[in-house]
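In: Structural data only, the sequence is not supplied:
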């Protein structure tokens, strides 16, 4: 009857423990569930043994009944140990936010198993002295034959107890192989590399070499400093190169930490095999160690776009030979092609469709091509306006900063379109920020060229005022949450006010 009572107690304990563990938010929940599942599986044979031990005497007594009773007692002890260990390690310690290594859990449970077995054998009248004498010799033989394995087991225990290495850490072995620690087992540690491989490293080998814990510093978030190297023609000032790159990297890049911010340094001005270049490196801090190459690629895209936009050429190796004859006619032909490309971009914009071929050519010669990488800030709110941007390729997003510190997305623009005209032609500052959603190609029209165009064609000012009024009211609506009726009422008033401001700013009024 005692076994039936104990059977009921264990069954209730399993239900209560399963309920408690379900309420916790443990990152190791799959492993906890596995341990609980093993306990439930162990409960099934105990159920059969407990029933046999209880109702077996009705079928007769004998050695078989003694064996079943001892087995039932041992299974009850094992289940009790498992329930107690799960309650302590998987619930109580989790509630107080303490994490015990899995090896420690297994060691405590295993040691308790052995103590329980010895106690049960002693209670059953087994001669333990003879068993200990025999097992001592067997233990010595097994210990010598499994010396390496035992070293790995002890190494795994040491790694988890001293907390020097944890699951989730990125490490670099002495052979320069990098991987993330997924599991620390009794015999080996499981590493997953960026190449989609899994390494099983014996624990004793980990203890016998110097490990580099990537991106881990006490009191700091997990992030690793990365380097992106590039060469620039030495005739460009290092100060200018660094300014251009650092300004481009100011906009967020996925996977790049905000603190410390990315920065660029000049490493060398003269190299043995490339005398015409200066060597630079951009340093950034990687937050997702699994995505090192994609993040470095995004940084390189940003660097390339910034250098092209600033018309700073990347270095060409000194051994490169040009076989083309760069005569005056070839230079003139390239200039005509560049002007034609810019003119094709301008004529796609409604604002410039009414211009003659001569006016388009004159304006195109003063325009500069400005590429931007996805995620870059093209214009920043409250900044001084220097250019009108014509968007020929890509998509941008217009954002305004609200008084409460939040950011509101106003709308998006797709090529062909233009932006940045408000501050440029009224002399004010940028009223919104423009962010590149994709890689962009923009044409920059400066204030002097646009003013000259307005002097020749004053009627364009009315078309500009119409567009500006619509966009200005859209920005106000985003800030003030205006309804459609209020927006329509403001458009006409804004159109008249902006037209007057444009005419006065460029001296177009009589």
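Out: Okay, I see it. Note that this is a predicted model, so its numbers are computed, not measured.

In: Tell me where the stretch 51-200 of the chain has strands.
Out: 170-172, 178-184, 188-192, 198-202 (DSSP state E, counting those that start in this stretch).

In: mean confidence for the first one?
Out: When you say that, I think you mean strand 170-172. On average, the pLDDT along strand 170-172 is 91.

In: packing partners for that strand?
Out: Helices and strands in packing contact with strand 170-172 are listed as strand 178-184, strand 212-214; criterion 3 or more C-beta pairs under 8 Å, 6 or more residues apart in numbering; DSSP states H and E. Backbone N, C-alpha and C define where each C-beta goes, glycine included.

In: Quick one, which of the strands of the stretch 51-200 of the chain gets closest to residue 79.
Out: Nearest to residue 79 among the strands of the stretch 51-200 of the chain is strand 178-184; the distance by C-beta to C-beta comes to 26.0 Å.

In: Return the set of buried residues in the closest one.
Out: Neighbour counts using 16 or more other C-beta atoms under 10 Å place 178, 179, 180, 181, 184 of strand 178-184 among the buried residues.

In: Same question for stretch 389-398.
Out: For stretch 389-398, the buried set under the neighbour-count rule, 16+ other C-beta under 10 Å, comprises 389, 390, 391, 392, 394, 395, 396, 397, 398.

In: Which helix or strand in the chain has the lowest average pLDDT?
Out: Of all regular secondary-structure elements in the chain, judged by mean pLDDT, DSSP states H and E, the least confident is helix 128-145 with a mean of 52.

In: Let me see the contact set for residue 366.
Out: Residues touching residue 366, when contacts are defined by C-beta atoms under 8 Å, 6 or more residues apart in numbering, comprise 445, 446, 448, 449.

In: Can I get the buried part of the residues you listed as one PyMOL selection?
Out: Here is the PyMOL command that selects only those of the contacts of residue 366 that count as buried (16+ other C-beta under 10 Å):
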select buried, resi 445+449
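
In: Next, format the buried residues of stretch 389-398 as a markdown table and append distance to residue 243, secondary structure and pLDDT.
Out: As requested, the buried residues of stretch 389-398 are arranged in a markdown table below (distance: C-beta to C-beta, whole Å; DSSP: H, G, I helix; E, B strand; the rest coil; pLDDT from 0 to 100):
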| residue | distance to residue 243 | secondary structure | pLDDT |
| --- | --- | --- | --- |
| 389 | 21 | strand | 90 |
| 390 | 25 | strand | 90 |
| 391 | 25 | strand | 91 |
| 392 | 26 | strand | 91 |
| 394 | 24 | coil | 93 |
| 395 | 27 | strand | 93 |
| 396 | 23 | strand | 94 |
| 397 | 25 | strand | 93 |
| 398 | 26 | strand | 91 |
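
In: one step back: let's have the helices and strands packed on strand 170-172 in JSON lines, adding distance to residue 453 and mean pLDDT.
Out: Putting the helices and strands packed on strand 170-172 into JSON lines (distance: least, C-beta to C-beta, whole Å; pLDDT from 0 to 100) gives the following:
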{"stretch": "strand 178-184", "distance to residue 453": "57", "mean pLDDT": "88"}
{"stretch": "strand 212-214", "distance to residue 453": "56", "mean pLDDT": "89"}
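
In: any chance of the contacts of residue 366 in CSV, plus secondary structure, pLDDT and distance to residue 13?
Out: Rendered in CSV, the data for these read as follows (DSSP: H, G, I helix; E, B strand; the rest coil; pLDDT from 0 to 100; distance: C-beta to C-beta, whole Å):
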residue, secondary structure, pLDDT, distance to residue 13
445, strand, 86, 78
446, strand, 83, 79
448, helix, 80, 84
449, helix, 81, 83
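
In: and which of the contacts of residue 366 is nearest to residue 328?
Out: Nearest to residue 328 among the contacts of residue 366, counting by C-beta to C-beta, is residue 449 at 25.6 Å.
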